[in-house]
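>>> pasting a predicted model and its sequence here:
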Amino acid sequence: MRPVGRRADEPLVSPGFRIAAAVAALACALPAAAAAAQPDDPFFDQQWPLARESVLGRAVAWQQTTGAGALVAVLDTGADFSHPDLQGAFWTNPGEAPGNRVDDDRNGFVDDVHGADLVNDDGDPADDEGHGTHVAGIVAARSGNGIGVAGLAPRASVMVIKVLDRRRAGTAAGLAEGIHYAVAQGAQVINTSVNGDGTSRPLVEAIRAAGAAGVLVVASSGNDGRSIDLAPSYPASYADPAIVSVGANGSAGALSAFSNYGRAGVDIAAPGEDVLSTAAGGGYELRSGTSMAAPHVSATLALLKSARPDLRGTALKAALMAGARPSDLLGGMLGGGLLDTAAALRAAILPTDWRVGSEPLTLTALPAARAARGAVLSWRLRGNAGAVARVRVMVGSRVITTRSEFSSERVRVRARPGLRRWRVTALDAAGAALAEATGSFRVSRADWPAKLG
């Protein structure tokens, strides 16, 4: 078995921000006016990804759903099942009778009531490091309970699968087994804040099986500050469409210095610096890493699944990526943009509002035509386009044009030699993505003479 790696994304901020769980002792109660405008969780205002509406659009997203009915499997160091802010968040295995020391559902684990421990090979995935508890809280810490913090999907359920020990060491085979367990038990999204440099056939096969079941595997890209296009990090670097690879950004929207990156290897960036969440032992702590970014994406997918239970796998991923917000601050270092939970929900929900009969809106990127010092990009917009207000064309992270008159479905772009990726997006009047298509083109050195460079 090839090791996944001991660093499942090290916390870059010391977990010294610990807050006693005794609610009666809380000294930072919110003013009445502020409490009316946001959840009553006392430390919510210290959760910048959720408290700042411009980051993820949390308040708008919660008008649609808070994640009820969605199930996220967290493959990590386990979880603190006694944490007061996670009560009611954990999935319960319907085929297992608790405490009877019998493998009731005959899946190989005795009393796996809330998940499984693949490190110690039992049914008690208790957290002995704290990393998994922090990740679980980012996804589904209970909001509105008057204590602590809020998860981004506070009514979703979390299935806990322990694949890392107290040193955050594990194996690719164990991670693969965890994915198989999650799929078999009905998880809809799998979060893996785990990274290693080696490939693994069992892990590849497990990810493929998840994709076949319509389940996405959200993977942290890693904290080495390197391009994983050049030096892969697994499972994030697997090219399987079931993988969603996540980098980290800070509160200003720039890619974190520690975050791995890659135009091909990393799909999206999400908040990963100074993230406040639940800590083992009943408290709260700040951690940083792509480990913290990944569960923000998993929670967003849980919200999408809650709002659109019919969407599976690649359709969920398409809505997620359609909502991603382009940003020059990312420097073109990722395949997509910044996580935007509200926009992803709009992308998932809106098609049912404007679809007419059997002719939904479709957008197709056509093969690019060669041109001097660039290319001519063209696309086809078909179906009911009544809700489309404008079309935006991007090459990498650079907006080439945003036009309200889109009957002319082509644009000439200038680009330096090399392979370039481009995206065309149909937007409604509010700027929400209704349809999107991507393509690539190559500019040869012959098309861009050296004397012009």
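On my side now, so go ahead.

>>> mind listing the residues bridging to Gly196?
Under DSSP bridges, the beta-bridge partners of Gly196 are Tyr234.

>>> if I read this right, it contacts Tyr234, doesn't it?
Yes - if you go by Cβ atoms under 8 Å, Gly196 and Tyr234 touch, sitting 5.5 Å apart. All C-beta spots, glycine's among them, are computed from the backbone N, C-alpha and C.

>>> what segments of the stretch 1-150 of the chain are strands?
Taking DSSP state E, counting those that start in this stretch, the strands of the stretch 1-150 of the chain run over residues 71-76, 115-117.

>>> these: which one's closest to Val215?
The stretch from these with the least distance to Val215 (Cβ to Cβ) is strand 71-76; that distance is 8.5 Å.

>>> now for the closest one, which elements pack on it?
Applying 3 or more Cβ pairs under 8 Å, 6 or more residues apart in numbering; DSSP states H and E, one finds that strand 71-76 contacts helix 131-140, strand 157-162, helix 172-184, strand 189-192, helix 290-307.

>>> now do that strand against helix 131-140, angle only.
For strand 71-76 against helix 131-140, the angle by axes from the mean of the first three to the mean of the last three Cα atoms, to 10 degrees is 160 degrees.

>>> strand partners of strand 71-76, parallel vs antiparallel please.
Applying DSSP bridges, strand 71-76 is found paired with strand 157-162 (parallel), strand 189-192 (parallel).

>>> which one of those lies nearest to Asn145?
Across the strands paired with strand 71-76, closest to Asn145 is strand 157-162 (Cβ to Cβ), at 15.6 Å.

>>> only alpha carbons, please: show the closest one as CSV.
Included here for strand 157-162 are C-alpha records, laid out as CSV according to Å, rounded to 0.1, in the frame of the first residue of the first chain:
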residue,chain,number,x,y,z
SER,A,157,-25.8,15.4,7.6
VAL,A,158,-22.2,14.2,8.0
MET,A,159,-21.0,10.6,7.7
VAL,A,160,-17.7,10.2,9.5
ILE,A,161,-15.1,7.9,8.1
LYS,A,162,-11.7,7.8,9.9
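
>>> that strand relative to helix 172-184, how many degrees between them?
Inter-element angle recorded for strand 157-162 and helix 172-184: 150 degrees (by the same axes, to 10 degrees).

>>> what does strand 157-162 contact?
Strand 157-162 is touched from outside by 70-79, 81, 86, 89-91, 114-120, 125-127, 132, 136, 139-140, 178, 181-182, 185, 187, with contacts defined as Cβ atoms under 8 Å, 6 or more residues apart in numbering.

>>> one more pass at 7 Å, please.
For strand 157-162, contacts defined as Cβ atoms under 7 Å, 6 or more residues apart in numbering pick out 71-75, 77-79, 89-91, 114-119, 125, 132, 136, 139-140, 178, 181-182, 185, 187.

>>> weakest of the strands of the stretch 1-150 of the chain in terms of mean pLDDT?
The weakest mean pLDDT among these belongs to strand 115-117, with a mean of 94.

>>> ranges for the helices of the stretch 351-453 of the chain?
Along the stretch 351-453 of the chain, the stretches classed as helices by DSSP state H, counting those that start in this stretch are 351-354.
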